[in-house]
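Asks: Provided below are the primary sequence and the corresponding predicted coordinates.
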Amino acid sequence: MLARWLYTQTSEPVVKDPKFSALDASARSVVAAIVPVMLEGALPEGATTQARDQVVAGVDRAVAGLPPAVRAEVDQLFSLLAFAPARCLVAGVWSPWPEASRDSIVAFLGRWRDSRFALLRSGFAALRQLILSAWYSNPQSWPAIGYPGPPLLESA
Amino acid sequence: MTPEPSRPSRLADPFREGIASGWKVIDASSLAADATFEADVVIVGSGAGGGTVAEILSGAGLKVMIVEEGPLATSSDFHMLESEAYPQLYQESASRKTRDKAITILQGRCVGGGTTVNWTSSFRTPAATLDYWAREFAITGFGSSDLAPWFERMEARLGIAPWAVAPNANNEALRRGAQALRLSSGVIRRNVRGCWNLGYCGLGCPTNAKQSMLLTTIPAALSRGATLLTRTRAWKLERAGERIASLSCIGLDQRGTDPTERRINVRAKTFVAAAGAIGTPALLKRSEAPDPHGVVGKRTFLHPTVVSMALMPDRVDGFAGAPQTVYSDHFLDSVRLDGPIGYKLEAPPLHPVLVATTLPGFGVGNARWMREFPHMQVVIALMRDGFHAQSQGGSVALRSDGTPVLDYPLNDYLWDGARRALLSMAEIQFAAGGVTVMPLHSSGALFSNWRDAKSGIGGLELAPLVTPVVSAHVMGGCALGSKPERSSVDLTGRYHHLDNLYVMDGSLFPTSLGANPQLTIYAVAAKLGSGLAERLGRRLG
């Protein structure tokens, strides 16, 4: 299968931004492009860019906290998505991630979610879990969903 | 985990006080050099099995060393935040998956293991399950009456009693719906003392009400001189003939994810594996323990669980109040144990990350549901796997780096149960006053009355990564039994093929239980641990 063949790590040297501990710049640009679509309707109006950056940082922290074997799988997923031919052929996104349109990303996510290949469905599930977790663990997401946050134990 | 400035707290933290008083707790991530230790007994794992055995063996005067892969986090560290608790306290940041990613496994990985993060539900093993073990696996001495004294002992030790406070609205809806349909339901017993009814059991109890191993048996063992090694991965049992001579361990880094250069060797007379139903078989496999019949790490069971969400007219606030206090065993008790799969109904706590990642969809669809968060009511159905030819469970294998992965195929037998469970839950939720019911499924299908739900759920495509399946109960893989062809350990917990290796955790079960496993693990570990203490006591004179 094409996806399987492409699902290998690229051999480019990885330059890591010290602010981030697990994702390289190309992986971060993939996440940054997907976040506004995955979280459309959830990110606060007017503060979308700032919230998006927080989600990217949260995804990075989450990946850094995974065991090496699982981290390697996530690395493979992002390497695949960052690799231009795979982005076009497997994800169906024809522009580089920073320029990709909302609609093309919506279509990509929907295709992977509904794919008959379990591997693509699992790729969608991984992106979904990482991004939704990063946002909903952030207290900024709570007012919109009516969650008051944990109770104060020692206010009395 | 993200380092947080520690907040001054007026709440007591008995574990930290114990460390200040001289308990021997060693964090391998801070070891400056390799280390070697000696003990009478090494216990791998500090959860329900390991904790219980540690208290008993240290109480018998044995020198005990407990090896825990996870970190030590105590009540002062528990801030009721998913962002902290999942990476810190759970295997693979609470996103452990089966090999094909179709099942998410919530499993503790910290001092206290699952007991630090479970929802406190305490059930004695159903008699039907124990009878089946006796009948099908010739397991003697583990019937309801045989285990009764051990249940009583652990119930007294851990304050296990029916929850006397009114259930929260999430659990009350399950009770109400079941009652309306004339289905049996009951109040769950919980291992708490002085519970504040906060609802954050799954993120570590901040008030030390939960009688986890972190609060009870591990402190008891440490106060008797036991040693606790944390962030220490038990890697390999080193053999000398028919016996295990030592356990070699690998230190983990401060994040708890990556191996360091540190090597820790523990020599002992006796070894107890209590690393859980994925960790214990993995340790045996890495150690190349003799397994002539290929049974180690086979028949691993999960209580595969499907989820149904309803919107209620009033606020439910499923994040507040004791998370799991009502259950219905109607669909276990009214069906044949070895027929189409039965399921137990319960309610889970609702926290933002848990809910958002379990709900289907993305973007506007997911966000719209999340805005209904306070009105959500959720029921879960835990399927009783392992009692049918079509339910052989999963198998534990090692990845190339030696860490374990569970392969658990979902087949038509299970999907049939999942469909019936989604139907039962939807009917209950409508009977409880639900306005909308969504059986969790990637299609996002939702229904506004039972008639539509009945036909709609009947036609849903159920498949891996289309229907979310979760598990919080990993069991089996080193089954108890008298016949080595079908089991890994004998009826004393001793590994069939090695003289001084024992298994005392949830991996002993030859099937799933049909009930939340903690109390069964406590009772079985107490029984086997007491037997071991007697034998070792004699040997040591």
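Replies: Okay, I see it.

Asks: With adjacent residues omitted, what lies nearest to the closest residue to chain A within the stretch 301-450 of chain B?
Replies: Proximity of the stretch 301-450 of chain B to chain A (CB to the nearest CB) peaks at B:A367, 3.4 Å away. In short, each C-beta sits where N, CA and C put it, glycine included. Counting by CB to CB, 6 or more residues apart in numbering or on different chains, B:A367 lies nearest to A:G41, which is 3.4 Å off, once chain neighbours are set aside.

Asks: Same question for B:K344.
Replies: Nearest residue to B:K344 in three dimensions, chain neighbours excluded: B:L382, at 4.6 Å (CB to CB, 6+ apart).

Asks: Confirm that that neighbour sits in a strand.
Replies: Yes: judged by DSSP: H, G, I helix; E, B strand; the rest coil, B:L382 forms part of a strand.

Asks: any idea how far it is from B:H303?
Replies: 4 Å (CB to CB, to the nearest Å).

Asks: A:L23 now?
Replies: 35 Å.

Asks: What of B:D452?
Replies: B:D452 is 29 Å from B:H303, where distance means CB to CB.

Asks: Pull the number of nearby residues for the residue of the stretch 101-250 of chain B found nearest chain A.
Replies: Proximity of the stretch 101-250 of chain B to chain A (CB to the nearest CB) peaks at B:K101, 3.9 Å away. Counted with other CB atoms under 10 Å in any protein chain shown, the neighbours of B:K101 add up to 19.

Asks: How about the contacts made by it?
Replies: The contact partners of B:K101, by CB atoms under 8 Å, 6 or more residues apart in numbering or on different chains, come to A:A118, A:S122, A:A125, A:A126, B:P464, B:L465.

Asks: I'd like to know the average pLDDT value across stretch B:375-383.
Replies: Stretch B:375-383 carries an average pLDDT of 98.

Asks: List every C-alpha atom in that stretch, with coordinates, as PDB.
Replies: Extracted C-alpha coordinates of stretch B:375-383, given in PDB (Å, rounded to 0.1, in the frame of the first residue of the first chain):
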ATOM      1  CA  HIS B 375     -25.700  18.500  30.100                       C
ATOM      2  CA  MET B 376     -24.000  15.400  29.100                       C
ATOM      3  CA  GLN B 377     -24.900  12.100  30.700                       C
ATOM      4  CA  VAL B 378     -22.700   9.100  29.800                       C
ATOM      5  CA  VAL B 379     -23.200   5.400  30.300                       C
ATOM      6  CA  ILE B 380     -20.600   2.700  29.600                       C
ATOM      7  CA  ALA B 381     -21.000  -1.000  28.900                       C
ATOM      8  CA  LEU B 382     -18.100  -3.200  29.900                       C
ATOM      9  CA  MET B 383     -18.300  -6.500  28.000                       C
END
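
Asks: Next, the buried residues of it.
Replies: B:H375, B:M376, B:Q377, B:V378, B:V379, B:I380, B:A381, B:L382, B:M383 (16 or more other CB atoms under 10 Å in any protein chain shown).

Asks: and which of those is nearest B:Y408?
Replies: B:Y408 lies nearest to B:M383 out of the buried residues of stretch B:375-383, by CB to CB, at 11.9 Å.

Asks: Report the secondary structure element holding the residue positioned nearest the centre of chain A.
Replies: For chain A, the residue nearest the mean C-alpha position is A:V31 (3.9 Å; CA atoms, centre = their mean). Using DSSP states H and E, A:V31 maps to helix A:25-38.

Asks: Flag every buried residue along that helix.
Replies: Neighbour counts over helix A:25-38 (16+ other CB under 10 Å) mark A:26-38 as buried.

Asks: Is that helix in proximity to chain B?
Replies: Yes: Helix A:25-38 reaches chain B (CB under 8 Å from any CB of the partner chain) through A:V37, A:M38.

Asks: I figured B:I66 was touching B:L229, is that so?
Replies: Yes: applying CB atoms under 8 Å, one finds B:I66 in contact with B:L229, separated by 6.9 Å.

Asks: Looking at these two, which one has more neighbours?
Replies: Using other CB under 10 Å, the more surrounded residue of B:I66 and B:L229 is B:I66, with 31 against 27.

Asks: where does the more buried one land in three-state SS?
Replies: Of the three states, B:I66 takes strand under three-state DSSP.

Asks: Roughly how far does it sit from B:D40?
Replies: Applying CB to CB, the value for B:I66 to B:D40 is 12 Å.

Asks: swap in B:L11?
Replies: Relative to B:D40, and taking CB to CB, B:L11 is found at 35 Å.

Asks: These two: which has the busier surroundings?
Replies: The neighbour comparison of B:L11 against B:D40 (other CB under 10 Å) goes to B:D40, with 18 against 12.

Asks: Would you mind giving the secondary structure of the more buried one?
Replies: From three-state DSSP, the assignment for B:D40 is strand.
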